[in-house]
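1. Any chance you can model this:
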Amino acid sequence: MKVLAYVFEKETKQFKTDQHGRLLEIHASTAAGLKEDYPHEHNKREYRYTIANPERRERMKLITKNGKNYFSYIGNYDSRGGENIDESISHRAAINALSRLTRMKFYAAGCDLELDPFTFTDVLVEPMIVLTNGKKYFPDLLCRFSEDHPLYDRWGGKLAIEVTYAHPCEGTKKHDFMFHNIPILEVVIENNSPREYPGERYNWDYYALTSIANHTDKLETWFKDYIRVNVLVDPISNRVHEQITGKLSTECKQLKIDSQQLKIDNKSLIKNLSKLEETHSTYQKNFDILSLEQKDIVDAHNVELHELQKNFKHIINKLEKDKSTEEEKQKQLIDTLNLTSRRALYFISICTVLSLSFVGVLVAPVLFRDNAIAAITWYFNLVG
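-> Numbers count the residues shown, from 1 in each chain. Just a heads-up that it's a prediction; the model follows:
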């Protein structure tokens, strides 16, 4: 069910435009009111299919049924001339909301390109673009911007906006726009999102003018903050290519100068390297001689060290043997001393006994005359 149509004036053979110079879209309820209140004015009009290509804008008739007004094709109109046409209100509302803005801030996820906010000098709705290959295209929006934007040279001061809801942008269109240096930014209206028209989200049986207007106003408010887009086509103009070529040419010249200097430096390095190799060869020969001399010295030192170790071992053995002999002599001396000490003790004991005996002999006769005589007699008997 179509509720929107373009107005074609029979007298001027022109499509009616609004205050902004854009094609006037009329709702079926508004057309029905005009037909009832101003039938003469209504008869001066025709209602045409809302398609960008003027050659495909077929006539439509206004129908009022069960209290609802809508447009219907006159006859069979199944063919669209090979075009993918999005007749949804979600698509049309997004285009109209975007067309009201002259300043847009785009956000492209995963894109390295910096999209500074754009202030457009023109925002054209579904203009006809005839390319050099003869093909005609009608982008949803064609926006122009001035030289103060960083992407002016890259994109030639223009960009196209395609609104995707029911049909994505065709591959041939992207290819031709890339070839003709026209960038394309895609605004996607996702199903079941707030950007989708509620009547299409909830399958209403009729799309009222107020609901379409309210949804378009909401879209305009949302799009004022920022517009999420996909960069479908990112061409680079000849001017930017010339700038890149000029920069590369300057860098190439500098590289040639650097290359010449490197050749000079390389010759000098080769010369210095040859000298270093000669010096290294001399050092190597001297090193080999010193290594041989060092080897002879080490071998001689090893022989001396071996002899010293041998002598040292002999001395150690002799010292250990002398130590053993000395310890044996000390042991014998100690034994001799011990024996002598025992003998001296024994001698002292004998002397003591003898002395006491002698004293006893001398004193006893006086004290113990009879006993002394008997003792002396015993002693002489023992000695004799």
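
2. Mind giving me the packing neighbours of the helix or strand harbouring residue 313?
-> Element membership for residue 313 (DSSP states H and E) is helix 238-367. Helices and strands touching helix 238-367, by 3 or more CB pairs under 8 Å, 6 or more residues apart in numbering; DSSP states H and E, are helix 152-155, helix 369-383. From N, CA and C alone the C-beta is placed, and that goes for glycine too.

3. which residue is nearest the middle of this structure?
-> residue 110 (13.8 Å; CA atoms, centre = their mean).

4. tell me the secondary structure for that residue?
-> Secondary structure assignment for residue 110 (DSSP: H, G, I helix; E, B strand; the rest coil): coil.

5. All further residue positions should be reported with the first residue as 29.
-> Understood, numbering begins at 29; the last thing we discussed is residue 138.

6. coming back round to it: weakest of the helices and strands packed on helix 266-395 in terms of mean pLDDT?
-> Of all these, mean pLDDT reaches its minimum on helix 397-411 (a mean of 68).

7. Isn't residue 267 up against residue 181?
-> Yes. Using CB atoms under 8 Å, residue 267 is in contact with residue 181, at 4.9 Å.

8. Tell me which of the two has more neighbours.
-> Using other CB atoms under 10 Å as the criterion, residue 267 and residue 181 rank with residue 181 on top: 17 against 13.

9. now residue 166, nearest residue through space, not along the chain?
-> In space, and not counting its chain neighbours, residue 166 is closest to residue 80: 3.2 Å by CB to CB, 6 or more residues apart in numbering.

10. Could you do residue 163 as well?
-> By the measure of CB to CB, 6+ apart, the closest residue to residue 163 outside its immediate chain neighbours is residue 204, 5.9 Å from it.

11. Could you pull up the residues touching that neighbour?
-> Residue 204 sits next to 159, 161, 163, 165 when contact means CB atoms under 8 Å, 6 or more residues apart in numbering.

12. Not counting its neighbours along the chain, what's nearest residue 122?
-> residue 191 (4.6 Å).

13. again, but for residue 174
-> Sequence neighbours aside, residue 149 is the residue nearest to residue 174 in space, at 6.0 Å (criterion: CB to CB, 6+ apart).

14. how close does residue 184 sit to residue 324?
-> 87 Å (CB to CB, to the nearest Å).

15. no no, residue 96
-> In terms of CB to CB, residue 96 sits 120 Å off from residue 324.

16. Pick out whichever of those two has more residues nearby.
-> A count of neighbours by other CB under 10 Å puts residue 96 above the other of residue 96 and residue 324, at 16 against 10.

17. In this structure that one contacts residue 234, no?
-> Yes. Assessed by CB under 8 Å, residue 96 is found in contact with residue 234 at 5.1 Å.

18. list the contacts for residue 43?
-> With CB under 8 Å, 6+ apart, residue 43 has these contacts: 34-37, 51-52, 76, 82.

19. Any quick ChimeraX command for the buried ones out of the residues you listed?
-> Remark: buried members of the contacts of residue 43, expressed as a ChimeraX selection using 16 or more other CB atoms under 10 Å:
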select :34,35,36,51,76
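
20. can you redo the contacts of residue 43 as JSON lines with pLDDT, secondary structure and distance to residue 124?
-> Shown next, in JSON lines, are those (pLDDT from 0 to 100; DSSP: H, G, I helix; E, B strand; the rest coil; distance: CB to CB, whole Å):
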{"residue": "34", "pLDDT": "96", "secondary structure": "strand", "distance to residue 124": "13"}
{"residue": "35", "pLDDT": "97", "secondary structure": "strand", "distance to residue 124": "16"}
{"residue": "36", "pLDDT": "97", "secondary structure": "strand", "distance to residue 124": "19"}
{"residue": "37", "pLDDT": "96", "secondary structure": "strand", "distance to residue 124": "21"}
{"residue": "51", "pLDDT": "92", "secondary structure": "strand", "distance to residue 124": "11"}
{"residue": "52", "pLDDT": "94", "secondary structure": "coil", "distance to residue 124": "12"}
{"residue": "76", "pLDDT": "95", "secondary structure": "strand", "distance to residue 124": "17"}
{"residue": "82", "pLDDT": "90", "secondary structure": "helix", "distance to residue 124": "19"}
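
21. Kindly state the neighbouring-residue count (a burial measure) for residue 119.
-> By the measure other CB under 10 Å, the count of residues near residue 119 is 22.

22. cool, residue 29 as well?
-> Neighbour count for residue 29, taken as other CB under 10 Å: 13.

23. and if you look at the one 3 residues further on?
-> Under the neighbour criterion other CB under 10 Å, residue 32 is assigned a count of 24.

24. burial measure for the nearest residue to it once chain neighbours are set aside, as a count.
-> In space, and not counting its chain neighbours, residue 32 is closest to residue 53: 5.0 Å by CB to CB, 6+ apart. Neighbour count for residue 53, taken as other CB under 10 Å: 18.

25. quick one: residue 53 from residue 345, how far?
-> Look at residue 53 and residue 345: by CB to CB, they are 125 Å apart.

26. again with residue 35
-> 133 Å.

27. and if you look at residue 202?
-> Distance, residue 202 to residue 345, by CB to CB: 104 Å.

28. Which one's more surrounded, these two?
-> The residue with more neighbours, out of residue 202 and residue 345, is residue 202; 17 against 10, by other CB under 10 Å.

29. What's the per-residue pLDDT of that one here?
-> At residue 202, the pLDDT value in this model is 96.

30. where's it, which helix or strand?
-> Per DSSP H and E: helix 199-207 holds residue 202.

31. what does the next helix or strand along the chain from that helix contact?
-> Next helix or strand after helix 199-207 toward the C-terminus (DSSP H and E): strand 212-216. Strand 212-216 is contacted from outside by 122, 126, 134, 136, 167, 187-193, 196-197, 201-202, 205, 255-261, using CB under 8 Å, 6+ apart.
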